[in-house]
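[1] everything below, folded, please.
(2 chains)
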Amino acid sequence: KQEVTQIPAALSVPEGENLVLNCSFTDSAIYNLQWFRQDPGKGLTSLLLIQSSQREQTSGRLNASLDKSSGRSTLYIAASQPGDSATYLCAVPSGGYQKVTFGTGTKLQVIP
Amino acid sequence: NAGVTQTPKFQVLKTGQSMTLQCAQDMNHNSMYWYRQDPGMGLRLIYYSASEGTTDKGEVPNGYNVSRLNKREFSLRLESAAPSQTSVYFCASNHDRGSNEKLFFGSGTQLSVL
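    Predicted coordinates for the structure are as follows:
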């Protein structure tokens, strides 16, 4: 059974700092890996999707990498801003979206 | 473009009451999903529908039923609510035609069962 772990559970950084969020998974037979952002009381918003054959994806200040052999993905946020404060989740479908395992998220606070 | 719309946003039920959560998407997606989110447990799949007219159980289907009314709408019904069903419920959809298809989520329903 796929297990997805996100460490740390919470992170507090000063504005302007570059930071890395981690996602680990136990089964490397993944379909893709998707990073989401969740604001309090809201749904999940897709940030980046990395297909299993890819190594990284970039969108603006965000860069996500994938290393299937080690079972790891990282989400790099450059020059963090208070508006980046949210919970970040990774999701790993195994063989299709009917089997998606979500991490429990990293709650990020960016302090002005 | 509304995306995935869920109603209601909040609901309080008494044990044993029934209710239906509604979900509609306007992206012409084939697949739709219902998840529940509980503290410390991540999101777990309740039911999904790969296409209009089909539904399948996910990880935690007990106590729930679903209906894929048409391609746009996928409802989740609690026939006899229990306190263990207190949770935040999310509907999601995608094309699920390949590994480059993102999941799109609704804004959620916060359900409390007393």
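
[2] I'd say residue B:6 and residue B:108 touch.
    Yes. Between residue B:6 and residue B:108 there is a contact at 6.4 Å, judged by CB atoms under 8 Å. Bear in mind the C-beta positions are built from the backbone N, C-alpha and C, glycine included.

[3] overlap of the contact sets of these two?
    B:89, B:90 (CB atoms under 8 Å, 6 or more residues apart in numbering or on different chains).

[4] contact partners of stretch B:40-51?
    A:4, A:44, A:89, A:91, A:97-105, B:30-38, B:55-61, B:64, B:66, B:68, B:74, B:76, B:89-90, B:96.

[5] from the chain's centre, how far out does it sit?
    Averaging C-alpha coordinates over stretch B:40-51 and over its chain gives two centres that are 7 Å apart (CA atoms, centre = their mean, to the nearest Å).

[6] average pLDDT for that stretch?
    Here stretch B:40-51 scores 91 as its mean pLDDT.

[7] buried ones in that stretch?
    If you call a residue buried by 16 or more other CB atoms under 10 Å in any protein chain shown, then stretch B:40-51 has these buried ones: B:42, B:43, B:44, B:45, B:46, B:47, B:48, B:49, B:50.

[8] cool, and stretch A:28-45?
    In stretch A:28-45, counting by 16+ other CB under 10 Å, buried: A:30, A:31, A:32, A:33, A:34, A:35, A:36, A:37, A:38, A:43, A:44.

[9] filter the residues you listed down to the ones close to chain B.
    A:31, A:32, A:34, A:36, A:43, A:44 (CB under 8 Å from any CB of the partner chain).

[10] just grab the bridge partners of residue 19 for me.
    The chain I'm using is chain A. residue A:77 (DSSP bridges).

[11] please go with chain B instead
    Applying DSSP bridges, one finds that residue B:19 bridges with residue B:78.

[12] paired strands for the worst-scoring helix or strand of chain A on mean pLDDT, with orientation please.
    Sorting the helices and strands of chain A by mean pLDDT, DSSP states H and E puts strand A:100-102 at the bottom, at a mean of 90. In the sheet containing strand A:100-102, its partner strands are strand A:86-93 (antiparallel), by DSSP bridges.

[13] ok, residues contacting the partner strand?
    With CB under 8 Å, 6+ apart, strand A:86-93 has contacts from A:2, A:4, A:6, A:21, A:23, A:25, A:30-39, A:44, A:47, A:73, A:75, A:99-108, B:42-43, B:103.

[14] among those, which are in strands?
    A:4, A:21, A:23, A:25, A:32-38, A:44, A:47, A:73, A:75, A:100-102, A:106-108, B:42-43 (DSSP state E).

[15] burial count for the closest residue to residue B:4 other than its chain neighbours?
    Leaving aside its sequence neighbours, residue B:4 sits nearest to residue B:106 (CB to CB, 6 or more residues apart in numbering or on different chains; 3.9 Å). Residue neighbour count, defined by other CB atoms under 10 Å in any protein chain shown, stands at 27 for residue B:106.

[16] could you do the one 5 residues further on as well?
    Residue B:111 has 20 neighbouring residues, counting by other CB under 10 Å.
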